[in-house]
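**Student:** Below is the sequence, then the predicted model.
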Amino acid sequence: MAERQLSVRSAKASEIAHRLALRERRTVASIVERALQDYDVKTTGREPVEIFHARLAANGVDLDLEEIIKEGRIPHEGPHLDLP
C-alpha cells in the first residue's frame, strides 16, 4: 500500500517547511514530523520516549516492561454463550 501523503493548504506553512528542509538537508516529511512531535510534547507536557529512557538509564533504573505488562494482564475468558 502506498504511504499516505500530507497535504498542506497553507502556502506559508509549505514555504517554511521547504525552506527548513533545504537548510537542514532533510526531507519535508522529517521537518513536519519533528515539528509535530515538538508541538505534541509542548501541548501535552509529555516528554519524548528517548528522553524518558535516557533519564531512567541515568538514574540506574532498569525496567523489564514485558514483566510489568504480564503482571497487570488479566486474560479475557472469552464470550459467554447462553445457548438453549
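**Tutor:** On my side now, so go ahead. Since the model is a prediction, treat every value here as computed from it, not as a measurement.
**Student:** Just the helices from this protein, written as ranges.
**Tutor:** Using DSSP state H, the helices found in the chain span residues 11-24, 28-44, 49-58, 65-72.
**Student:** Pull the contacting residues for His18.
**Tutor:** Contacts here follow Cβ atoms under 8 Å, 6 or more residues apart in numbering; on that basis His18 touches Val28. In short, each C-beta sits where N, CA and C put it, glycine included.
**Student:** Any chance of the helices of the chain in TSV with mean pLDDT and distance to Gly78 as columns?
**Tutor:** Formatted as TSV, these follow (pLDDT from 0 to 100; distance: least, Cβ to Cβ, whole Å):
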stretch	mean pLDDT	distance to Gly78
helix 11-24	89	49
helix 28-44	88	36
helix 49-58	85	34
helix 65-72	86	20
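**Student:** Need these in JSON lines (columns: distance to Asp82).
**Tutor:** Formatted as JSON lines, these follow (distance: least, Cβ to Cβ, whole Å):
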{"stretch": "helix 11-24", "distance to Asp82": "56"}
{"stretch": "helix 28-44", "distance to Asp82": "44"}
{"stretch": "helix 49-58", "distance to Asp82": "45"}
{"stretch": "helix 65-72", "distance to Asp82": "30"}
